[in-house]
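my questions concern the predicted model and sequence given below.
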Amino acid sequence: MAAVLDDVNPSLLVVVVDVDFEAWAQRGKQCLETQVTYPELVASLVIFCNAYVLMHRHNRLCVLASHTGASGGCLQIYPRRNIASADGSMDRVTCDDFVPLGHLLPNVLGESFMQPTLSEGIASAVGKEENVSSTALSGALSKAVCIINRQLQLLPKLQPRLLVLQLGKDHAPSYNSIMNSIFSADKMSAPVDAVILAATDSHFLQQACYLTRGVYQRPVDQRDLLQVLLTHCLPSSFSRQTLQLPVQRTVDFRAACACHKKPVEFAYMCSVCLALFCERGDVCQVCGTGSTGD
C-alpha cells in the first residue's frame, strides 16, 4: 500500500549518473557549445544534491556512477566509508548510512566524481571507435532498487525516488533487467526522473518515467542542466501535485526481442516465461520450454 504523501516525512533520493568512458570521450571530441562537459555535469550535480539535502533535515541520499570501463559496473559515490572532514579527521560513515553530512557533501561528491578511476578512464577512451552503450545502467538501476527496498524496510514512511542522468545509448540486451527494475520501482511508489544528455531519446527511460509518473527531460541546450534539475527534479512527490510538470507527449512503448535484441512492435511470446521473439519457434531460447507461437 502506498504511503500518504506529505512534506513532513523525509525523502530518499538515489541518483544514477552515466559516466561511461567512451561516451564522454566522444562528447569531448565534439565540443559543441550546447553540450555540457563532464566537469560542468559534476558541478551541477553537486549543487543539486546540496539543495536536495537542504529541503528536509532528514532527507537521505545515495549517488551511484554507472560505467563500462575495465572495472565496469556500478560505483557507489556516496555514501563512502571514512570521509575526511575539513580539519583532517575521519568521519566514520558506513555504506549503508544514507543520511548526508551537509558540511562535507559538496567536497565528497566533487572529489569522488573527479577521482582517477573515473577521470583517467574518460581520458584513456579518447581515440577509440564510437561504440557507446549503457550496459551498466541495468546493474545500477538494480542496485538502486535494492537500496530503496532496504531503506523502506527500516523507515516505511520514506518517500523514495530515482534520478537517472544518461549519456549513452540504450542497450537492447538489457531491456528485460531494466524493465524489471522499473516495475519494482513502481511497486514501491518510487517515481523515476530522467535527464537525457544524448542527441536521441532513450526509449527505456521514456517508459520508466511514464510508468512511474516521473519527469522525463532531454534539454536541447544542456547548459541549462542545473536549472532543469532544480526546477523539475528537486521538488518532492507531494510538492509535484501542485506543480505543472512537463508532460511526455510521445512515448515509445516498443519492447526489445530476446532473440535479436531489437525493438519490435509485434512479437511472439513464450507462454512460460513471457519472453518476446520476433520470429516463431518451437522452443523458447530463454527458458528452454514452451512455445513462442502465441
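Yep, it's here. Residues are numbered from 1 along each chain as shown.

who touches the nearest residue to residue 40 once chain neighbours are set aside in this structure?
Excluding its sequence neighbours, the residue lying closest to residue 40 (Cβ to Cβ, 6 or more residues apart in numbering) is residue 225, at 7.3 Å. In short, each C-beta sits where N, CA and C put it, glycine included. Residue 225 sits next to 36, 40, 41, 44, 195, 197, 219 when contact means Cβ atoms under 8 Å, 6 or more residues apart in numbering.

can you check residue 191 too?
Residue 191 neighbours (Cβ under 8 Å, 6+ apart): 161, 162, 185, 209, 212, 213, 214, 215, 237.

between those, which sits nearest residue 246?
Residue 246 lies nearest to residue 215 out of these, by Cβ to Cβ, at 6.3 Å.

in stretch 56-64, what's buried?
Buried positions in stretch 56-64, judged by neighbour count with 16 or more other Cβ atoms under 10 Å: 59, 60, 61, 62, 63, 64.

how about low-confidence regions in the stretch 151-294 of the chain?
260-261, 290-294 (pLDDT under 70).

the same query, at a cut-off of 50, please.
Within the stretch 151-294 of the chain, not a single segment meets pLDDT under 50.

okay, strands next: where are they in it?
159-166, 192-196, 216-217, 255-256, 263-264, 268-269, 276-277 (DSSP state E, counting those that start in this stretch).

kindly report the same for the stretch 1-150 of the chain.
Using DSSP E, counting those that start in this stretch, strands in the stretch 1-150 of the chain cover 11-18, 60-67, 73-78, 83-84, 90-91.

so what strands line up beside the third one?
In this case it means strand 73-78. strand 60-67 (antiparallel) (DSSP bridges).

sorry, back to before: with distance to residue 143 and mean neighbour count as extra columns, can I get the strands of the stretch 151-294 of the chain in CSV?
Below are the strands of the stretch 151-294 of the chain laid out as CSV (distance: least, Cβ to Cβ, whole Å; neighbours: other Cβ atoms under 10 Å):
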stretch, distance to residue 143, mean neighbour count
strand 159-166, 11, 25
strand 192-196, 14, 24
strand 216-217, 22, 21
strand 255-256, 21, 22
strand 263-264, 26, 16
strand 268-269, 29, 18
strand 276-277, 26, 20
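
can you redo those strands as TSV with distance to residue 150?
Formatted as TSV, those follow (distance: least, Cβ to Cβ, whole Å):
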stretch	distance to residue 150
strand 159-166	11
strand 192-196	18
strand 216-217	27
strand 255-256	29
strand 263-264	33
strand 268-269	33
strand 276-277	31
